[in-house]
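Participant: sequence and predicted model, in that order:
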Amino acid sequence: MSKRTTVTLQDAYLAAQRAAASAAQADPAVTAYAELVRGQLTLMGEDPDREGLLRTPERVAKSMAFLTRGYTMSLADVVGDAQFEEEHENMVMVRDIELYSMCEHHMLPFFGKAHIAYIPNGRIVGLSKLPRIVEMFARRLQVQERLTEQVAEAIDEILAPRGVGVVIEAFHMCMMMRGVEKQNSRTITSALRGQFRDCPMTRGEFLGLAHRG
C-alpha cells in the first residue's frame, strides 16, 4: 500500500470518528461542555484532533453530567412514598454507604463512606432511601462538611425523628494528588441532631457503631 493511500485511509477514519462524535452530541449541554473540553485540551498543549482524543470532549461532558446528576434530583423524587407508620422507638442505622463526590474547590473527587442513624418518631423510611439521599447530595460539587449537614437535614425534614446522626469518612484527591500530597489522610465529619446531640448515651452508642471496624 502506498504512502498516499495510507494517509487517505487515515483521514477517512478520522473524519468518520468526528462524524460519530458529532452525531452523539444531541444534547445541547453536552455539545457546549464538549467544546469547553476541546479548549482545555488545546490550552494543555494537546491536539484535540488526534485519534486518541477525538471522542474525549464528548466522553468528559457525559461523564460530568453523570457525576453531577444530583442537581437534577429532588428529595421528593428520591424518597417517593417509601415512608411508613411504625412505632419503632430504637435506633435505625445504615452504615458503610459508599459515596463519590467532587470537591468544589478543585473539581477533584473525594470518596468514602457515610454512616446514618435516626430514632423514629412514629415514622420510618425504606432503608434503600438513605443511600439514595446520600447519592443525591454527593453527586454535586461539594465540600464534605456541607454534604454531612445536608444529609442530616434531609432525614430530619422527611421524618421529623427524635434524633438524626450522620458521620462521613472520606479521602480527598485534592490532598492526595496535589497540594500537601498526603496519601493516608482521612477526613471525618459529623452532624448530630435531637437525641444524638443532647443525650450522651445515644451519641456514644451511635459514634461507637459508626467507627467500629
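Facilitator: Structure received. Bear in mind the structure is a predicted one, so any value in this text is a computation, not a measurement. Numbering: from 1, shown residues only.
Participant: show me the contacts for the nearest residue in space to Thr202 that is not next to it in sequence.
Facilitator: Among residues not flanking Thr202 along the chain, Gln195 sits closest, at 4.7 Å (Cβ to Cβ, 6 or more residues apart in numbering). All C-beta atoms are positioned from the backbone trio N, CA, C, and that covers glycine. By Cβ atoms under 8 Å, 6 or more residues apart in numbering, the contact list for Gln195 reads Ile119, Arg162, Gly163, Thr202.
Participant: and the last one, how far from Val166?
Facilitator: Relative to Val166, Thr202 is positioned 14 Å away (criterion: Cβ to Cβ, to the nearest Å).
Participant: and Asn121, helix, strand or coil?
Facilitator: Here Asn121 is recorded as coil under DSSP: H, G, I helix; E, B strand; the rest coil.
Participant: residue ranges in the chain under the pLDDT threshold?
Facilitator: The model of the chain has pLDDT under 70 over residues 1-8, 10, 12-26, 213.
Participant: how about the helices in the chain?
Facilitator: 3-24, 28-43, 56-67, 75-79, 129-138, 144-159, 173-176, 195-198, 200-211 (DSSP state H).
Participant: include distance to Arg123 when you put the ones you listed into JSON lines, please.
Facilitator: Listed next are those as JSON lines, based on distance: least, Cβ to Cβ, whole Å:
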{"stretch": "helix 3-24", "distance to Arg123": "45"}
{"stretch": "helix 28-43", "distance to Arg123": "38"}
{"stretch": "helix 56-67", "distance to Arg123": "32"}
{"stretch": "helix 75-79", "distance to Arg123": "11"}
{"stretch": "helix 129-138", "distance to Arg123": "12"}
{"stretch": "helix 144-159", "distance to Arg123": "5"}
{"stretch": "helix 173-176", "distance to Arg123": "38"}
{"stretch": "helix 195-198", "distance to Arg123": "16"}
{"stretch": "helix 200-211", "distance to Arg123": "19"}
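Participant: deepest-packed of those, please.
Facilitator: With neighbours defined by mean count of other Cβ atoms under 10 Å, none of the helices of the chain is more surrounded on average than helix 129-138, at a mean of 22.
Participant: now it - C-alpha only, PDB.
Facilitator: Extracted C-alpha coordinates of helix 129-138, given in PDB (Å, rounded to 0.1, in the frame of the first residue of the first chain):
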ATOM      1  CA  LYS A 129     -33.700   5.600  50.600                       C
ATOM      2  CA  LEU A 130     -30.900   6.500  53.000                       C
ATOM      3  CA  PRO A 131     -28.200   5.600  50.500                       C
ATOM      4  CA  ARG A 132     -30.200   7.400  47.800                       C
ATOM      5  CA  ILE A 133     -30.300  10.600  49.800                       C
ATOM      6  CA  VAL A 134     -26.500  10.400  50.200                       C
ATOM      7  CA  GLU A 135     -26.200   9.900  46.500                       C
ATOM      8  CA  MET A 136     -28.400  12.900  45.600                       C
ATOM      9  CA  PHE A 137     -26.300  15.300  47.600                       C
ATOM     10  CA  ALA A 138     -22.900  13.600  46.800                       C
END
